[in-house]
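[1] only geometry, no sequence info:
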């Protein structure tokens, strides 16, 4: 089965050109929030996509990273706000379970000794967000890459092979157990092209238990190599694989480059 393309958009106006160009799924973020990494859109924005012909996944992220601090570490008030946002989108009637709509979120907590700078899954928060999202699909976003990055730093400081299961494998298993449907990841800090070895391990470990969406710097110039090296083309076995690209090559951050969409699709068919 061909690899499919998910496009994050930053404002509902970009939905129609992205879908017309061939996006198989849309991730909706607030207009103008690309520099912050994507933020929660408004109820009105989601309502604009009520009749979209592809699944719509709505970003639930209250703010970008604080200056000089770890991202995805949220206060109780911020977590409550995330839950309220999910509830408001559901109550709006603009989202459709049968279309495959859902929510994209992530939450971390500091782990290890004080000052170690490591993070892990904030399981209680994720469980709360998953519960609020049902029966819609749920995706844990690239906060997962921070978990992988902390793990890699620990691995590099260890002589010889690790005798324990990498932390990201435990967290992946936890997400599966919680009922999360997918993980958007570049395989660690940076972009997917830089992390192909780890990303391939994540895909292999996930198997059929959870959907892995490869994203982060995915462009027409590297998506063919990514697909090949990650073993994402498994024709005939009924397995879908996904890549995630904003398809932005310059100009306004809110405008999808239709030519880039078409180039990516040409590489992954």
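    The structure has been received and is ready for your questions. Note that the coordinates shown come from a computational prediction; the quantities given were computed from them, not determined experimentally. Numbering: from 1, shown residues only.
[2] Which helix or strand in the chain has the lowest average pLDDT?
    helix 143-156 (a mean of 74; mean pLDDT, DSSP states H and E).
[3] downstream neighbour of that helix in the secondary structure list?
    Later in the chain than helix 143-156, the nearest helix or strand by DSSP states H and E is helix 167-178.
[4] what's that next one packed up against?
    Applying 3 or more C-beta pairs under 8 Å, 6 or more residues apart in numbering; DSSP states H and E, one finds that helix 167-178 contacts strand 118-121, helix 123-133, helix 143-156, helix 196-206. C-beta here means a position set from N, CA and C on the backbone, and glycine is covered the same way.
[5] which SS state does residue 218 fall under?
    coil (DSSP: H, G, I helix; E, B strand; the rest coil).
[6] Show the contacting residues for it.
    Listed by C-beta atoms under 8 Å, 6 or more residues apart in numbering, the contact set of residue 218 reads 191, 192, 193, 226, 243, 244, 245, 264.
[7] in the protein, which ranges drop under the pLDDT threshold?
    In the predicted model, the chain carries pLDDT under 70 at residues 1, 113-116, 151-164, 233-238, 250-253.
[8] partners of the biggest strand by length in the chain in the sheet?
    For the chain, the strand with the greatest residue count under DSSP state E is strand 4-10. Strand pairing for strand 4-10, determined by DSSP bridges: strand 25-29 (parallel), strand 242-244 (parallel).
[9] Name the residues of the helix or strand just after it that are buried.
    Later in the chain than strand 4-10, the nearest helix or strand by DSSP H and E is helix 15-21. Neighbour counts using 16 or more other C-beta atoms under 10 Å place 15, 17, 18, 19, 21 of helix 15-21 among the buried residues.
[10] The third one contacts residue 26, correct?
    Yes - Residue 18 is in contact with residue 26 according to C-beta atoms under 8 Å; the separation is 6.3 Å.
[11] what's the overlap in contacts for those two?
    Shared contacts of residue 18 and residue 26 (C-beta under 8 Å, 6+ apart): 7, 9.
[12] Endpoints of stretch 244-264, how far apart?
    Taking C-alpha to C-alpha, to the nearest Å, stretch 244-264 runs 10 Å from one end to the other.
[13] and what of stretch 209-220?
    With C-alpha to C-alpha, one end of stretch 209-220 sits 28 Å from the other.
[14] start at 47 instead
    With the count now opening at 47, the last piece we talked about shows up as stretch 255-266.
[15] in the sheet, who's paired with residue 149?
    Beta-bridge partners, per DSSP bridges, of residue 149: residue 104, residue 184.
[16] measure it to residue 165 for me?
    Residue 149 sits 21 Å away from residue 165 when distances are taken as C-beta to C-beta, to the nearest Å.
[17] Who has more neighbours out of those two?
    A count of neighbours by other C-beta atoms under 10 Å puts residue 149 above the other of residue 149 and residue 165, at 25 against 22.
[18] How much space separates that one from residue 93?
    For residue 149, the distance to residue 93 - C-beta to C-beta - is 16 Å.
[19] do the same with residue 132
    From residue 132 across to residue 93, the span is 15 Å (C-beta to C-beta).
[20] More neighbours: which of the two?
    More neighbours surround residue 132 than the other of residue 132 and residue 93, with 25 against 15 (other C-beta under 10 Å).
[21] Buried ones in the helix or strand containing the more buried one, by neighbour count?
    Using DSSP H and E, residue 132 falls within helix 122-138. Across helix 122-138, burial judged by 16+ other C-beta under 10 Å covers 125, 127, 128, 129, 131, 132, 135, 136.
[22] residues contacting the first one?
    Contacts for residue 125 were tallied using C-beta under 8 Å, 6+ apart; they are 153, 171, 174.
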